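**Student:** Prediction below, plus the sequence it came from.
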Amino acid sequence: MKTWIPDSRNFAYLSWKQVDQLPREQTLLVLPTAAIEQHGHHLPLATDTLINNLLLGKALERLPTELPIFALPPVCYGKSNEHIGFPGTLSVSAQTFLAVVRDLGASIAASGFKKLVLYNTHGGNTSLVDVIARDLRAEFGLRTFTLFGSAGAAFEGVSPQERAYGFHAGEVETAFLLHGVPELVHRSEFTSNYIARVDAPELLKPEGSSANFAWLTKDIAPSGVLGNPAPATAENGEKWANEASARVADALLAMFHFEPHHGA
Ligand SMILES: [Zn+2]
């Protein structure tokens, strides 16, 4: 898989002796979690994994070189059963995903490290990442953190409809890939579907509300796209990737320096 992670920040490029020399208490390890799943007619299966790697790699480049912050190899396979029925989607169950991340957390704790970030760029993993972050804290005493997608970047210029319901293979994901791996984007094959409309709000929402319905992509979007990739440009992809990676870098710095407050 193509990578933007600087070699000096790639944990798996170290020897065990180099790992042994890292300051255990301070070192911050980042475990990317993503997916290999359909992304419409126009984007590759690895879209979420590539975006994770692009944003994390650019973020790590921004950090002061002396800080011991490393990227672990990604967990590429995620819980993608919302995209089952589309050829190429490779999904693991919630139980498998939780077990893999738990076992990696156990190995990290056994190596003496204390601080782990779960950096997730696939929506189907989000609730599992929340669960396992707390479990790793409780079971192994790891100081765990969660970090998602573009870490709250603003994406200036994206329409309210796309902002609310551009869930998958829409404008932002397409722009990131037009910037990072334009050779993998099939520009003549854009399609568009929306799961809901901001101008016709319903009581039941697809997610993130107090009353939601569980959805499968094949019920809503025959092409596999949830959003509209048509306005995406490489220029916006570069601008948004820079903004997002700056926010990811800020979040990593805050995690590196985090000291929990103790009640009086
Ligand atoms: Zn995606």
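**Tutor:** Sure, I can see it.
**Student:** Extract the CA atoms of stretch 90-103 and return them as PDB.
**Tutor:** C-alpha atoms of stretch 90-103 as PDB (Å, rounded to 0.1, in the frame of the first residue of the first chain):
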ATOM      1  CA  LEU A  90     -13.800  -7.200   2.800                       C
ATOM      2  CA  SER A  91     -15.500  -6.900   6.200                       C
ATOM      3  CA  VAL A  92     -14.700  -8.200   9.600                       C
ATOM      4  CA  SER A  93     -17.300  -8.700  12.300                       C
ATOM      5  CA  ALA A  94     -17.500  -6.300  15.300                       C
ATOM      6  CA  GLN A  95     -16.200  -9.200  17.500                       C
ATOM      7  CA  THR A  96     -13.200  -9.700  15.200                       C
ATOM      8  CA  PHE A  97     -12.400  -6.000  15.000                       C
ATOM      9  CA  LEU A  98     -12.600  -5.600  18.800                       C
ATOM     10  CA  ALA A  99     -10.500  -8.700  19.300                       C
ATOM     11  CA  VAL A 100      -7.700  -7.600  16.900                       C
ATOM     12  CA  VAL A 101      -7.500  -4.100  18.400                       C
ATOM     13  CA  ARG A 102      -7.600  -5.600  22.000                       C
ATOM     14  CA  ASP A 103      -4.800  -8.000  21.200                       C
END
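**Student:** Go ahead and name everything in contact with it.
**Tutor:** 31, 33, 35-37, 45, 75, 77-81, 83-84, 118, 125, 128-129, 131-132, 135-136, 139 (CB atoms under 8 Å, 6 or more residues apart in numbering). Where you see a C-beta, it was placed from the backbone N, CA and C, and this is true even at glycine.
**Student:** 6 Å instead, please
**Tutor:** Applying CB atoms under 6 Å, 6 or more residues apart in numbering, the contact partners of stretch 90-103 are Ile36, Tyr77, Lys79, Ser80, Asn81, Leu128, Ile132.
**Student:** helices and strands of the chain: which one has the lowest mean pLDDT?
**Tutor:** helix 217-220 (a mean of 92; mean pLDDT, DSSP states H and E).
**Student:** And the next helix or strand past that helix?
**Tutor:** helix 234-257 (DSSP states H and E).
**Student:** got the CA positions of that next one in PDB?
**Tutor:** Output of helix 234-257 as PDB, limited to C-alpha atoms (Å, rounded to 0.1, in the frame of the first residue of the first chain):
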ATOM      1  CA  ALA A 234      -7.600  18.300  -6.500                       C
ATOM      2  CA  GLU A 235      -7.000  21.900  -5.400                       C
ATOM      3  CA  ASN A 236      -9.700  21.600  -2.700                       C
ATOM      4  CA  GLY A 237      -8.300  18.100  -1.800                       C
ATOM      5  CA  GLU A 238      -4.900  19.600  -1.200                       C
ATOM      6  CA  LYS A 239      -6.200  22.500   0.800                       C
ATOM      7  CA  TRP A 240      -8.500  20.300   2.900                       C
ATOM      8  CA  ALA A 241      -5.800  17.700   3.500                       C
ATOM      9  CA  ASN A 242      -3.500  20.400   4.800                       C
ATOM     10  CA  GLU A 243      -6.200  21.800   7.100                       C
ATOM     11  CA  ALA A 244      -7.200  18.300   8.300                       C
ATOM     12  CA  SER A 245      -3.600  17.200   8.900                       C
ATOM     13  CA  ALA A 246      -2.900  20.400  10.800                       C
ATOM     14  CA  ARG A 247      -5.800  19.500  13.100                       C
ATOM     15  CA  VAL A 248      -4.700  15.900  13.400                       C
ATOM     16  CA  ALA A 249      -1.200  17.200  14.300                       C
ATOM     17  CA  ASP A 250      -2.700  19.500  17.000                       C
ATOM     18  CA  ALA A 251      -4.700  16.700  18.400                       C
ATOM     19  CA  LEU A 252      -1.700  14.400  18.500                       C
ATOM     20  CA  LEU A 253       0.300  17.100  20.300                       C
ATOM     21  CA  ALA A 254      -2.500  17.600  22.900                       C
ATOM     22  CA  MET A 255      -2.600  13.800  23.400                       C
ATOM     23  CA  PHE A 256       1.200  13.700  23.800                       C
ATOM     24  CA  HIS A 257       1.100  16.400  26.500                       C
END
